[in-house]
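Q: Quick check, what structure comes out for this input:
(chains A and B)
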Number of protein chains: 2
Amino acid sequence: MSKPFGPLPPEFATQTGELIIGGRAASAWVAEFGSPLFVYDPAIVAARVDAFRAAFPAVDLHYAIKANPHPGLLEVVAPLVDGLDVASAGELQKACAVKPAHAISFAGPGKRDAELEAAIAGGATLNVESEGEAARAIIIGDRLGIAPRLAVRVNPDMELKGSGMKMGGRPSPFGVDAERAAALVKEVVRAGADWRGFHIFAGSQALDSQALIETQAATLMLAERLSVEAGHRPPSVNLGGGFGVPYFAGDMPIDLHAIGNALAENISVSSLASAGTSFAIELGRWLVAESGVYLTRIVDRKDSRGETFLIVDGGLHHQLAASGNFGTVVRRNYPVAVAQRLGAAAQDEVSVVGCLCTPLDRLADRVALPTADVGDVIAIFLAGAYGATASPSAFLGHPSPTEVVVRRS
Amino acid sequence: MSKPFGPLPPEFATQTGELIIGGRAASAWVAEFGSPLFVYDPAIVAARVDAFRAAFPAVDLHYAIKANPHPGLLEVVAPLVDGLDVASAGELQKACAVKPAHAISFAGPGKRDAELEAAIAGGATLNVESEGEAARAIIIGDRLGIAPRLAVRVNPDMELKGSGMKMGGRPSPFGVDAERAAALVKEVVRAGADWRGFHIFAGSQALDSQALIETQAATLMLAERLSVEAGHRPPSVNLGGGFGVPYFAGDMPIDLHAIGNALAENISVSSLASAGTSFAIELGRWLVAESGVYLTRIVDRKDSRGETFLIVDGGLHHQLAASGNFGTVVRRNYPVAVAQRLGAAAQDEVSVVGCLCTPLDRLADRVALPTADVGDVIAIFLAGAYGATASPSAFLGHPSPTEVVVRRS
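A: Numbers count the residues shown, from 1 in each chain, chains lettered A, B, ... in the order given. Predicted structure coming up:
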């Protein structure tokens, strides 16, 4: 009984023969850049941006660069989006290289004074996560003689149902509880800061379109209610993101148009919108996950007590989430293929294991694949988000992953 | 209802007032090296080595450097042990800087030709993991004109009960199945390689002393049986490791003397031992875990819907396992303390969360601690193994962790 694996992204699902990424065969990528290797195709990101624009014509699009901060990818993606969201001073620096500071916002619960200062001095917006952090930002702004651009991050009183990670409706290190948000807005305005609005993030990796529709509606209502309570209209409201991508067998993509239509309808009757508030959706994973493929060559093929192992030169030190060790309780298989034999009939049941000397390093568990042997390349899909930077790359002393971005002339 | 956390290691458990590491106060370490910070005390490793030597006087001790390959620590530990075990060419290089090659062995299921060549050329022992890998090593040895030092890693036909990670008795990417090991030994000897013996590893992080005793006994018997089958006596047998350390509430340390006595008895009646075979135990975690403390400063303290969060400047990008996201199914709390208030009564129920903008970044979940506020330092213990290098340090663009080793003049 083989175990299922997730669906290949649409750009790869219909291919047959050798896997082509950005117009080049997988083997050509590996021949030039070695193995293991991440290849990112910005054309796939651009296609997601286009789809978003078509479905959400009146909503700004932000890219949460933590999903994939590779400078080569960022350079191509930055001009396609309206804003970049960052989560550290390091990310802020990367974002500032490709986007004006007024289009950058900085969220995260443990910002140090030096990080607050870097954002304020550079003119980026801080999504303040607590009353204490707001107070520190205001003091730093005073010292610098700059009115800091501050948005108030709200811990909403509802949560995103069907979300991979729930982030609202309960105690949270993120944002101030909705019950206290209006008071904080008043304080921020009173202190002379440049209040930029609200940041309300209810969850992530949701595949339930109806839940996303309801959460966005609730987020919009919450923003309206808080604005009335605060007595100030927000220049902008970041509605969060949470759009999931299909990682596992049975997962279906979200219905972008249904979500966009519902949001447009809700915005059309919103008093904030008619008064000039702009709205943004912040996406990381959904924009970039499907643009990346992890290619790794088979070093050994061995049989042990009835199970066949394809041992590859990559592993969880590059693709932790694919090994089921990051943010998942039950291990399930990411989409996987033998790169030279797309569309071929499955002949073997194999487990793809990484080269690390730990039983945790399993990239695909008992999947049915076309026959593959030493020297063949295995492709793990959905490697464009939370892959290279979200993995313990120093573990066991192997080389850092190589990442390349498809360039078109 | 607070949740429990694990016991502080013996060197710290009896301290009161400010936490002292290697003779210096935690605040002094942070003042000099900043926060977050790993501090490793080699005196604690040396104490574990002494305890091992007392319990296992006739067994060699190897250090598996993947547990903590920090060069400063390695330099101090290498002279205390008989051998170093490595898992990549990168680790091999580090080991060769501090130990002669004949005392180094290299295990791992996906060794590339370049890695095999580095080990053979340098004179380290390869623990071959499959017939295919052995064949590649022999070809490379022929090409270099060097008889490669090869030990045969065996996938045993029993497993270590009560082990955190089971590695035997079932299909495995590690080693050749016991059923085929003798044939591989014959082939290795026939090909003119320098056969070094067996490497038999049945599991890791076991706290059940009786299970360890039984597993070592079974491993010894397996080695004897395979030697008879192969018709060759192994120069040495690596019995694996698997000694656990107490991470969580209720965990108790292993009974080293009971294990040592039982093994000594079994060795005393072993025909291998009387014929001159030497035995080694390979330990990583048990030697170094308790020597390390992760110190991280509180950046924010906030209340949200009845829960108090201490938000620190460290996080899962340095201490992934402590967040419960690496190799554990159920999240439990590592030993934790307010560094300035050891032994003080618990006053608050708090959750310690890292600075990463993800709900996964929780270092302690609803624990009872003495009151702590912004600027205070939180200590997470058992940070000496699988900490800094086993965490996604590039995640969210924060600085790499600082690691310091206590030096005594």
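
Q: Kindly report the domain assignment for chain A.
A: Chain A resolves into domains spanning A:10-40+A:289-405, A:69-283 when parsed by automatic domain parsing.

Q: Please tabulate these in JSON lines, including the columns distance to B:V152 and mean pLDDT.
A: Bear in mind the C-beta positions are built from the backbone N, C-alpha and C, glycine included. Converted to JSON lines, the domains of chain A look like this (distance: least, CB to CB, whole Å; pLDDT from 0 to 100):
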{"stretch": "domain A:10-40+A:289-405", "distance to B:V152": "14", "mean pLDDT": "96"}
{"stretch": "domain A:69-283", "distance to B:V152": "38", "mean pLDDT": "95"}
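
Q: Identify all contacting residues around stretch A:87-96.
A: Residues outside stretch A:87-96 that contact it (CB atoms under 8 Å, 6 or more residues apart in numbering or on different chains) are A:64-66, A:69, A:71, A:74, A:78, A:84, A:86, A:104, A:106-108, A:112, A:114-115, A:118-119, A:122, A:124, B:355-357, B:396-399.

Q: Mind checking which of these are buried?
A: A:64-66, A:69, A:74, A:78, A:84, A:86, A:104, A:106-108, A:112, A:115, A:118-119, A:122, A:124, B:355-357, B:396-398 (16 or more other CB atoms under 10 Å in any protein chain shown).

Q: follow-up on the earlier one: in CSV, list the domains of chain A along with distance to B:L212.
A: Formatted as CSV, the domains of chain A follow (distance: least, CB to CB, whole Å):
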stretch, distance to B:L212
domain A:10-40+A:289-405, 18
domain A:69-283, 37
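
Q: Out of these, which is closest to A:F52?
A: The closest approach between A:F52 and any of the domains of chain A, judged by CB to CB, belongs to domain A:69-283 at 7.1 Å.

Q: what's the span of that closest one, first residue to last?
A: 13 Å (CA to CA, to the nearest Å).

Q: how close does A:Q210 sit to A:D255?
A: Distance, A:Q210 to A:D255, using CB to CB, to the nearest Å: 9 Å.

Q: And A:R301, by the same measure?
A: Noted for A:R301: a distance of 41 Å to A:D255, by CB to CB.

Q: need the contact list for the closest residue to A:I104 other than its chain neighbours.
A: Distances taken as CB to CB, 6 or more residues apart in numbering or on different chains place A:A124 nearest to A:I104, at 4.2 Å, with adjacent residues excluded. Contact analysis of A:A124 by CB under 8 Å, 6+ apart lists A:V86, A:L92, A:A95, A:C96, A:A101, A:H102, A:I104, A:S105, A:F106, A:R149.

Q: redo that, cut-off 7 Å
A: Applying CB atoms under 7 Å, 6 or more residues apart in numbering or on different chains, we find A:A124 in contact with A:L92, A:A101, A:I104, A:S105, A:F106, A:R149.

Q: Repeat that for A:V45.
A: Contacts of A:V45 by CB under 7 Å, 6+ apart are A:V77, A:L287, A:V288, A:S291.

Q: give me the number of residues near the last one?
A: Residue crowding around A:S291 was assessed by other CB atoms under 10 Å in any protein chain shown; the count is 30.

Q: wait, it sits on A:V39?
A: No: counting by CB atoms under 7 Å, A:S291 stays clear of A:V39, with 9.0 Å between them.

Q: Chain B contacts on the stretch 151-300 of chain A?
A: Contacts of the stretch 151-300 of chain A with chain B, taken as CB under 7 Å from any CB of the partner chain, map to A:N155, A:M165, A:M167, A:R170, A:P171, A:S172, A:P173, A:D177, A:V299, A:D300.

Q: In strands, which of these fall?
A: Per DSSP state E, strands hold the following members of those: A:N155, A:M165, A:D177, A:V299, A:D300.

Q: what would those look like in JSON lines with neighbour count?
A: As requested, those are exported to JSON lines (neighbours: other CB atoms under 10 Å in any protein chain shown):
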{"residue": "A:N155", "neighbour count": "27"}
{"residue": "A:M165", "neighbour count": "14"}
{"residue": "A:D177", "neighbour count": "20"}
{"residue": "A:V299", "neighbour count": "25"}
{"residue": "A:D300", "neighbour count": "24"}
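
Q: Farthest-apart pair in those residues, please.
A: A:D177 and A:D300 (53.5 Å).

Q: give me phi/psi at A:V406?
A: According to degrees, to the nearest 10, the main-chain angles of A:V406 amount to phi -60, psi 130.

Q: got the CA coordinates for the top helix by length along chain A in CSV?
A: Counting residues, the longest helix found in chain A (DSSP state H) is helix A:209-230. Provided in CSV are the C-alpha atoms of helix A:209-230 (Å, rounded to 0.1, in the frame of the first residue of the first chain):
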residue,chain,number,x,y,z
SER,A,209,-12.4,29.3,0.5
GLN,A,210,-15.6,29.9,2.5
ALA,A,211,-13.6,30.3,5.7
LEU,A,212,-11.3,32.8,3.9
ILE,A,213,-14.4,34.7,2.7
GLU,A,214,-15.9,34.8,6.2
THR,A,215,-12.6,35.7,7.8
GLN,A,216,-12.1,38.6,5.4
ALA,A,217,-15.6,39.9,6.1
ALA,A,218,-15.1,39.6,9.8
THR,A,219,-11.7,41.4,9.5
LEU,A,220,-13.3,44.2,7.5
MET,A,221,-16.1,44.6,10.1
LEU,A,222,-13.5,44.5,12.9
ALA,A,223,-11.5,47.3,11.3
GLU,A,224,-14.7,49.4,10.9
ARG,A,225,-15.7,48.8,14.5
LEU,A,226,-12.2,49.7,15.8
SER,A,227,-12.1,52.8,13.7
VAL,A,228,-15.3,54.0,15.2
GLU,A,229,-14.1,53.2,18.7
ALA,A,230,-10.8,55.0,18.1
